[in-house]
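K.L.:
my questions are about this predicted structure, shown below with the sequence.
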Amino acid sequence: MIVRRTTIRLTLMFTAIMLAVVALAFVGIYVFAAFAFDFDAVSTDTGIVNEDAVDHALENLRDVLLISYAVLLVVSPIVSWAMARLALGPLRRSYEVQSQFIDATSHEFRTPLGILMGEMSWALLKRRSVDQYEESLRTSLETVESLSHLTEQLLLLSRDDRVELASSRERLPLAEVAAEAAELAIREHDAEGRVALNFEDDVDVLVSHDLMVSAVRNLIDNSLKYSGPEGQVTVAVAHHGNSALLAVTDDGPGLSRSDSDRAFERFWRAPAVADITGHGMGLPLVRSIVSAHGGKAELKGIDGGGAIATITLDAA
C-alpha cells in the first residue's frame, strides 16, 4: 500500500513536471515564430509573401502545438507511471522481501514461544514430581536454545556482511575452517564417527573466520540432520586452478532439482523434511556469507540418494 501510494504521487509529480516543461517549450516556439515573422511582408525569390500567408502559417503552427500538447496530456500519465514504477522497483522488491521476512519470522517465533508458555502453564497448574519438573525444564531449555540459535541466524542474515568483511578478512587454510566447523557440528549433534574429513588438497582463502566457520557449520548441520542418526557425512577441500572448493556430501534421501533450486530461499523447507526440526535459514545464511566473500554456494541431489553442498571461493 505504501509503495502504491508513493507510485501514484511520483506519477502525478512526473506528469506535472513533464507537462510544464513541454508547455514552456511550446510557448517559446510559438513566441519565437511570431516574433521572427512579425512584419507586413516577406521578400522571396519568387515575389512577395503577404501578411495573410504568415498569419495562416502561425495558425497552423499553433494548431500543431495544441494538438501535440493534447496528445501529451494523454500519454504523459502513462509514461510517468512507467517511470515511477521503474524508479521504485528496487524499493518495492525490498519492501516485499521485508514483509515476507517479518511474516515468516513471526511464524517461526510463535511456535517455540507457544511451547514455552505451554510448559510453564503445565508446571504451574498443580504440583508435579521432581522428574516432571526436570523434564519440563529440559524441554524449556531446548526451546530457549532453539530461539537463541534462531535469533543469531536472523541477525547474521540481516547484517551487511560486506561491511564486517572489510575489517575481518584474513588468510586462512580452508581445511582449518572446515575442521573447526565440523568439530562444532559434531559436538552439537553428538555425531562422533559420522563425519569424515578429506583434506588431502588444502588451499588458503581470504575470509572472515567467524562468518565462514558459521557457513560451513550450517552445511554440516544440514547434512547430519537430514541423513538420519546413522548417516555419514564427508567434508572435502580441494584446489582447482584459482578456486578453492569445499564440498559436504551426505548419504541422506537427497532432493529433487526443483528442491535444489529453492533450497536457498529464506524459510523455505522441502515437504519431505517438514517433520524435522528446523527454521529454513541455514542455507540462506550460507549463500549470504559466501556471496559476501565473492564466492558461490550450491546444493545438488545425488543420483541414488544423498546430496552434495559446495562452496567455491577464490584461492588466496
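P.N.:
Cool, the structure landed.
K.L.:
secondary structure element holding the closest residue to N198 other than its chain neighbours?
P.N.:
Computed as C-beta to C-beta, 6 or more residues apart in numbering, the closest residue to N198 that is not its neighbour in sequence is A236, at 4.1 Å. Backbone N, C-alpha and C define where each C-beta goes, glycine included. In this assignment (DSSP states H and E), A236 forms part of strand 233-240.
K.L.:
can you give the contact residues for that strand?
P.N.:
Strand 233-240 has contacts (C-beta atoms under 8 Å, 6 or more residues apart in numbering) with 174-175, 178, 182, 191, 194-199, 201-203, 216, 220, 223-224, 227, 244-250, 315.
K.L.:
buried ones only from the residues you listed, please, as a ChimeraX command.
P.N.:
Buried residues within the contacts of strand 233-240, by 16 or more other C-beta atoms under 10 Å, are selected in ChimeraX with:
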select :174,175,178,182,191,194,195,199,203,216,220,223,224,227,244,245,246,247,248,249,250
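K.L.:
the contacts of strand 233-240 in helices, which ones?
P.N.:
Taking DSSP state H as the definition of helices, those contribute L174, A175, A178, A182, V216, I220, S223, L224.
K.L.:
just the CA coordinates of stretch 8-24, formatted as PDB?
P.N.:
What follows is stretch 8-24, C-alpha atoms only, in PDB (Å, rounded to 0.1, in the frame of the first residue of the first chain):
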ATOM      1  CA  ILE A   8       0.800   7.500  -7.600                       C
ATOM      2  CA  ARG A   9       2.500  10.600  -6.100                       C
ATOM      3  CA  LEU A  10       5.600  10.200  -8.200                       C
ATOM      4  CA  THR A  11       3.300   9.700 -11.300                       C
ATOM      5  CA  LEU A  12       1.500  12.900 -10.600                       C
ATOM      6  CA  MET A  13       4.700  14.800 -10.000                       C
ATOM      7  CA  PHE A  14       6.400  13.400 -13.100                       C
ATOM      8  CA  THR A  15       3.300  14.200 -15.200                       C
ATOM      9  CA  ALA A  16       3.100  17.800 -13.800                       C
ATOM     10  CA  ILE A  17       6.800  18.400 -14.500                       C
ATOM     11  CA  MET A  18       6.600  16.900 -18.000                       C
ATOM     12  CA  LEU A  19       3.600  19.000 -19.000                       C
ATOM     13  CA  ALA A  20       5.000  22.200 -17.500                       C
ATOM     14  CA  VAL A  21       8.300  21.700 -19.300                       C
ATOM     15  CA  VAL A  22       6.700  20.900 -22.700                       C
ATOM     16  CA  ALA A  23       4.200  23.800 -22.300                       C
ATOM     17  CA  LEU A  24       7.000  26.200 -21.700                       C
END
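K.L.:
could you double-check that I2 sits in contact with Y95?
P.N.:
Yes: using C-beta atoms under 8 Å, I2 makes contact with Y95 at a distance of 7.1 Å.
K.L.:
between these two, who's got more neighbours?
P.N.:
Using other C-beta atoms under 10 Å, the more surrounded residue of I2 and Y95 is Y95, with 15 against 9.
K.L.:
name the nearest residue to the more buried one, ignoring sequence neighbours.
P.N.:
Per C-beta to C-beta, 6+ apart, closest to Y95 is V3, 5.6 Å.
K.L.:
any idea how far that neighbour is from P77?
P.N.:
18 Å (C-beta to C-beta, to the nearest Å).
K.L.:
next: V64.
P.N.:
Distance from V64 to P77, by C-beta to C-beta: 22 Å.
K.L.:
which one's more surrounded, those two?
P.N.:
More neighbours surround P77 than the other of V64 and P77, with 16 against 13 (other C-beta under 10 Å).
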